[in-house]
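> Only the shape, not the letters, is given here:
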């Protein structure tokens with residue numbers, strides 16, 4: 001019998017239908033018959049659409065905005081899969097997505113076969129009540145660290161498969177296994193690939209986020225200490241910040257706007273830091289208006305502090321002081337009569353209930369807004385779950401110049417206290 005290599009595959013996707021949903025992360029672990037790892041590959045994938053259930057796979061639109069598309073990585077994927085037997089837990093799902101992505105990228109595959117560890121588990125362990133990867137791994141003492149992270153699930157599936165493979169060989173011969181499972185499932189294309197594999201991992205996305213956040217620090221370092229007295233109104237700069245941070249994103253153009261404002265009004269780095277801390281303090285006060293800070297509000301405060309380069313110790317001190325005082329202010333904006341549209345899977349909760357599109361529409365209508373299903377040039381606001389959303393609605397809004405506002409900011413501005 002020939003020596004065989006296996007390519008274990010796991011995916012994270014925007015949804016469940018390979019016809020309309022897309023891959024957002026792929027991992028491949030290539031092993032030999034002894035279960036030894038020969039090569040490994042993982043990358044985030046830019047789906048050019050909304051990323052779907054971030055609460056499950058922990059991947060955001062911001063994570064994938066600079067990731068390669070599947071068309072970019074198709075040769076890397078083929079190199080990892082070629083001349084091997086593909087292994088997957090629930091192969092109809094993973095291989096259905098892979099086949100669809102290959103077809104979109106111009107590689108027509110009539111069939112894409114592989115061995116399914118879920119199916120093998122039914123044969124080997126019929127007593128198990130569940131076929132979830134985590135359940136079978138626990139049953140066989142296979143470690144799995146971060147469920148719904150493609151590489152961790154892939155590695156666990158590789159361990160799982162080789163345990164099953166060895167169990168099979170206790171009952172049937174290698175030739176029987178080869179004829180039943182290997183020959184029908186061997187993936188082989190006439191293909192050659194030069195160059196490195198294209199990868200953009202979660203750690204790369206995290207590093208880029210940190211680089212983006214450090215731009216404010218670099219900007220503050222560039223602003224000189226002015227000898228002339230400052231010529232600005234604090235409320236004016238706070239309003240500028242409010243406009244810039246509505247989508248919880250600071251673009252290059254907005255960084256330039258802050259720098260120009262500081263230079264034109266002789267505002268020193270120290271003064272800018274003080275105003276940023278005041279902005280943060282007012283936001284804390286608003287969120288504490290109901291004497292309660294939800295997890296969503298705490299995450300938003302953390303994001304704002306990072307964007308404004310407020311030291312963690314200072315932000316925590318401000319938070320503690322405001323909790324002690326529990327003073328409240330009203331910063332409610334009047335959107336009455338304006339039109340609004342929502343995109344992406346919303347993540348906020350109200351009274352323990354996740355705000356879905358239906359509830360979001362009801363809340364907006366109660367506050368006097370006009371809810372729209374589609375984005376047009378006449379739309380006033382597009383509310384996004386992630387400022388880097390690449391949904392069709394978000395792309396159209398950017399093209400039309402429609403104001404994009406972060407979900408948490410929208411609820412704050414219409415006076416909804418999230419719980």
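Okay, I see it. Since the model is a prediction, treat every value here as computed from it, not as a measurement.
> part of a helix, is residue 364?
Yes. Residue 364 sits within a helix when classified using DSSP: H, G, I helix; E, B strand; the rest coil.
> Okay, domains of the chain per the record?
6-200, 203-325, 339-413 (automatic domain parsing).
> want to throw the ones you listed into CSV with mean pLDDT and mean neighbour count?
For every residue, glycine as well, the C-beta is placed using N, CA and C. Formatted as CSV, these follow (pLDDT from 0 to 100; neighbours: other CB atoms under 10 Å):
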stretch, mean pLDDT, mean neighbour count
domain 6-200, 92, 18
domain 203-325, 86, 15
domain 339-413, 91, 18
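> now residue 183: how far from residue 115?
Separation of residue 183 from residue 115 (CB to CB, to the nearest Å) stands at 12 Å.
> which residues does the residue positioned nearest the centre of the chain contact?
The geometric centre of the chain, computed from its C-alpha atoms, lies nearest to residue 60 (CA atoms, centre = their mean), at 1.5 Å. Counting by CB atoms under 8 Å, 6 or more residues apart in numbering, residue 60 touches 51, 54, 386, 388.
> Residue 379 touches residue 342, doesn't it?
No. Look at residue 379 against residue 342 with CB atoms under 8 Å: they stay out of range, at 11.2 Å.
> where do the contact lists of those two overlap?
What both residue 379 and residue 342 touch, as defined by CB under 8 Å, 6+ apart, is an empty set.
> returning to what we had before: now for the contacts of residue 60, which pair is the farthest apart?
Across the contacts of residue 60, no pair lies farther apart than 54 and 388, at 11.6 Å, counting by CB to CB.
> Spatially nearest residue to residue 121, not counting backbone neighbours?
Closest residue to residue 121 apart from its sequence neighbours, by CB to CB, 6 or more residues apart in numbering: residue 136 at 5.2 Å.
> Contact partners for that neighbour?
Contacts of residue 136 (CB under 8 Å, 6+ apart): 117, 121, 125, 128, 130, 142, 160.
> Residue 21 contacts residue 45, doesn't it?
No. With contact defined as CB under 8 Å, residue 21 does not reach residue 45; the gap is 11.9 Å.
> follow-up on the earlier one: ok, now how distant is the residue nearest to residue 121 from residue 216?
For residue 136, the distance to residue 216 - CB to CB - is 47 Å.
> Now do the end-to-end distance for stretch 9-18.
16 Å (CA to CA, to the nearest Å).
> now what about it, what contacts it?
By CB under 8 Å, 6+ apart, the list of residues contacting stretch 9-18 from outside reads 21-28, 47, 49-53, 57, 59, 81, 86-89, 93-100, 114, 148-151, 153-154, 157.
> if you set the cut-off to 6 Å instead, what comes out?
21-28, 47, 51-52, 57, 86, 88, 94, 96-97, 100, 150, 153-154 (CB atoms under 6 Å, 6 or more residues apart in numbering).
> State the helix or strand in which residue 27 lies.
strand 23-31 (DSSP states H and E).
> and for that strand, what are the contacting residues?
Under CB under 6 Å, 6+ apart, the answer for strand 23-31 is 6-14, 37-42, 44-45, 47, 51, 59, 64, 80, 97, 101, 150-151, 154-155, 158.
> Narrow those to those in helices?
64, 80, 97, 101, 150-151, 154-155, 158 (DSSP state H).
> how about the residues you listed in a markdown table, adding distance to residue 288?
As requested, the ones in helices among the contacts of strand 23-31 are exported to a markdown table (distance: CB to CB, whole Å):
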| residue | distance to residue 288 |
| --- | --- |
| 64 | 34 |
| 80 | 51 |
| 97 | 44 |
| 101 | 46 |
| 150 | 39 |
| 151 | 40 |
| 154 | 44 |
| 155 | 43 |
| 158 | 49 |
